[in-house]
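Chemist: following is a predicted model, sequence given first.
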Amino acid sequence: MKTRLPVNAFRFVLVISSFQFLNYSVAHAQNSDAPLTYSARTDTCLRNTDIQANGESCSGHGLSFTGRNTCGAGCSGSAWLDLAPDMGGLTGKNTVIVDPDFGTRIVRATDYSMNASGASFTTASGGNQSLWAVDSTLFLVRNSSGSQLLFSMDPHGSLQTTLTAIHNANAGGDCPGPATTTPCAGSTHFVKGADINFSSIDPNVMYEIDRGSYNGVSVNQINKLTIVKTDPSDSSTWTMTRVKLFNFNCEGAKCPATSTTEGFVNGLNTGTSSHSCLPARFNSTWSDPANPSNDDQSFTLAVSDNGQGGKPKPGKTGAIYAVMFKVGKGCRLYNTFTGVIQGDWGDVGPILGPDGVTPLLDKFNLHGAGDIPDSKYSGISPGNTTCAEVADPSKCSYSCVMGKVRGFCENYFWENATRIVRPCSVQCNGHGARGFINIYKGKQYRAHTFGSPNSPLTPLLTDSIGFPGDNHGSYGNSGTKDLTPMLLAITHVCGQARGLQGSGACDPIHTGPRYDEIVAIENAVGNAGNEANSNGRHCNYGAGPTACVYRFAHTFNTGTSWLFNAQNAMATISPDGHYAVFESDWNDTLGCTNGTSSNCMDSTTASGGGVYNGTSYPTCPQADLPNTPCQRADIFVIDLTSAHEGGKPQAAR
């Protein structure tokens, strides 16, 4: 059964919070509110004249927005021939539109009127961070200055978003820094430079990683932030209480023998620091966020005193430490350059391979490290070193082959309590999204189990259409069974200055279905044998039952932004699977960072610097944004459950 698509997008500004929308009918995952299926388009139509692989006609279902433009190798707002729905230009927060082709409702959360909190806004550099509260009513946004902002969203269906009193940053986050175990109440600011993630179990708790220096003493400290809703209906009254959870740096004059605030009980460190972790006063210039496991019991992150991926050099340790904190047990540290693990608990010594006996000789610096939802494991991602650069090249080797050249794998999985580090060495390249049971990697999002990364290797995407461009996944709705569909943001980065990634010309029109769209793939791996959910194979793209690809919305993103996150329209799904937050330049219609409504700097000048309208500018990432006409990006939230196809997904069935 096919459903008629809306003819035109429409725009309206919300004035009340009781707006009612159409009912939807979806299946839900066990022990979760997250949908197993969506009433969204699953066809593969781009033009009315297309014929789908299963023989279905696309007549009447061609897209009205196909991204037509005259950008070529560089782009400005005037190059766009297909116009995105009107979101208000420079201002227009809480404007809601209905996607003209997919029927979903999208709300704009930020605009230039919030420029005191940032000239432009983004989400995160990937979809695996916990940007949503566990009840899906609060979400985090990052501004162009690196500070974060907490938004609330009306839980009754209107999509109205509100910037709470908790936003921006200062030294100490309104508290005498660094935080201690004595609660500091009344804060409305985050710590300057801190990354923030939500708790996996408590909607009123966030975790902050403080990399600051206080009176000459550096910390690498996780703080627990508890939202205090003085008046739950008025977010302008909200504050936070900040408490120290754990400092990865050794504390006190007796380091490295002991740390002042460690406390061992029955062999386990129940204190708030450790002598077995980072050296005292370790001054990190970069770290991963403190993203919690699904039970809030463990946190893993890479830290560096020489930036992300920094190599060791005289006076700098570099990005070689993956640190892991387990509540009630203390710290473990994995030195990836020497391949040695130390810590307060668990097995220590040189790392071992998957069999738990054979030494693993892969030694490298770090691109990143992070917690897996299952607190048993941590993910390890190497940087760009080679065996020739480690202390003893004769005791270093590679577990992967890239093309015909041996090299380090893109992903390794550390079993936290042990010395076992498992390479993901088979079909494990490309972007990925983490579930609880598997990580899903590459263009087809193949499943890799954390405890046995080279299996099962089953792809989620099996149709012949694929994705026209790059993609980033988000699976915060996976629960503990990996049954739900996984969200993807499809992008095509272009128009950047010569020498930069994305320096190629922009496509003059979308080249296929799913181009620059928010989509989701059914999980036929998690649902194998689940007949009640058709084994996660509700669609037929011409070769028999297979996983549906749900098409929710256009991103209306050009891919030409000078901001990496905005280039890629990074999207993060809510835990209940009902919403996704993403950023977009909305076809260059959101105005410029200097407050002008149009004629922003073209993309090649913005990303590479140069002369624009007779004035010489640095690149936008290095510019004084309030005085430079760089294109803006804003934050949008999409209601994934608002897509309707007559109660059933359209075509491909």
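Modeler: Arrived safely.

Chemist: quick check: closest non-adjacent residue to K254.
Modeler: Nearest residue to K254, sequence neighbours excluded (CB to CB, 6 or more residues apart in numbering): T260, at 7.2 Å. For glycine as for every other residue, the C-beta is placed from the backbone atoms N, C-alpha and C.

Chemist: which residues does that neighbour contact?
Modeler: Contacts for T260 (CB atoms under 8 Å, 6 or more residues apart in numbering) come out as 251-252, 254, 273.

Chemist: 10 Å instead, please
Modeler: For T260, the contacting residues are 250-254, 271-273, 275, 280, by CB atoms under 10 Å, 6 or more residues apart in numbering.

Chemist: span of stretch 613-627 from start to end?
Modeler: In stretch 613-627, first residue to last residue: 14 Å (CA to CA, to the nearest Å).

Chemist: neighbouring contacts of it?
Modeler: By CB under 10 Å, 6+ apart, the residues outside stretch 613-627 that reach it are 115, 118-120, 144-145, 497, 500, 561-564, 592-595, 599-603, 605-611, 628-632.

Chemist: so which of these sit within helices?
Modeler: Using DSSP state H, the subset of the contacts of stretch 613-627 located in helices is 564, 603, 605-608.

Chemist: ok, which stretches of the stretch 551-653 of the chain are strands?
Modeler: Secondary structure of the stretch 551-653 of the chain by DSSP state E, counting those that start in this stretch: the strands cover 571-573, 579-584, 610-612, 615-617, 634-639.

Chemist: let me see the mean pLDDT of the first one.
Modeler: To tie it back to what came earlier, the one meant is strand 571-573. Averaging pLDDT along strand 571-573 yields 96.

Chemist: other SSEs contacting it?
Modeler: strand 470-474, strand 486-491, strand 517-521, strand 579-584, strand 634-639 (3 or more CB pairs under 10 Å, 6 or more residues apart in numbering; DSSP states H and E).

Chemist: just put these in JSON lines and tack on mean neighbour count and distance to V107.
Modeler: Below are those laid out as JSON lines (neighbours: other CB atoms under 10 Å; distance: least, CB to CB, whole Å):
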{"stretch": "strand 470-474", "mean neighbour count": "25", "distance to V107": "18"}
{"stretch": "strand 486-491", "mean neighbour count": "27", "distance to V107": "17"}
{"stretch": "strand 517-521", "mean neighbour count": "27", "distance to V107": "14"}
{"stretch": "strand 579-584", "mean neighbour count": "28", "distance to V107": "10"}
{"stretch": "strand 634-639", "mean neighbour count": "25", "distance to V107": "5"}
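
Chemist: got JSON lines for the ones you listed, with mean pLDDT and distance to S236 too?
Modeler: Formatted as JSON lines, those follow (pLDDT from 0 to 100; distance: least, CB to CB, whole Å):
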{"stretch": "strand 470-474", "mean pLDDT": "92", "distance to S236": "30"}
{"stretch": "strand 486-491", "mean pLDDT": "95", "distance to S236": "31"}
{"stretch": "strand 517-521", "mean pLDDT": "97", "distance to S236": "31"}
{"stretch": "strand 579-584", "mean pLDDT": "97", "distance to S236": "21"}
{"stretch": "strand 634-639", "mean pLDDT": "97", "distance to S236": "19"}
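
Chemist: flag the shaky bits of the stretch 301-450 of the chain, pLDDT-wise.
Modeler: Of all residues in the stretch 301-450 of the chain, none has pLDDT under 70.

Chemist: residue boundaries of the strands in the stretch 51-200 of the chain?
Modeler: Using DSSP E, counting those that start in this stretch, the strands of the stretch 51-200 of the chain run over residues 95-98, 105-108, 121-122, 138-143, 148-153, 161-167, 169-170, 184-187, 190-191, 195-198.

Chemist: list the strands paired with the last one, with their directions.
Modeler: Strand 195-198 sits in its sheet next to strand 205-210 (antiparallel), going by DSSP bridges.

Chemist: now the second one
Modeler: Strands that pair with strand 105-108, judged by DSSP bridges, come out as strand 95-98 (antiparallel), strand 634-639 (antiparallel).

Chemist: out of those, which gets nearest to S287?
Modeler: strand 634-639 (24.0 Å; CB to CB).

Chemist: export the closest one to PDB, keeping only CA atoms.
Modeler: Output in PDB follows, covering the C-alpha atoms of strand 634-639 (Å, rounded to 0.1, in the frame of the first residue of the first chain):
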ATOM      1  CA  ASP A 634      22.300  24.900  13.500                       C
ATOM      2  CA  ILE A 635      20.900  22.000  15.400                       C
ATOM      3  CA  PHE A 636      17.700  20.200  14.400                       C
ATOM      4  CA  VAL A 637      15.600  17.400  15.900                       C
ATOM      5  CA  ILE A 638      13.600  15.000  13.800                       C
ATOM      6  CA  ASP A 639      10.600  13.000  15.100                       C
END
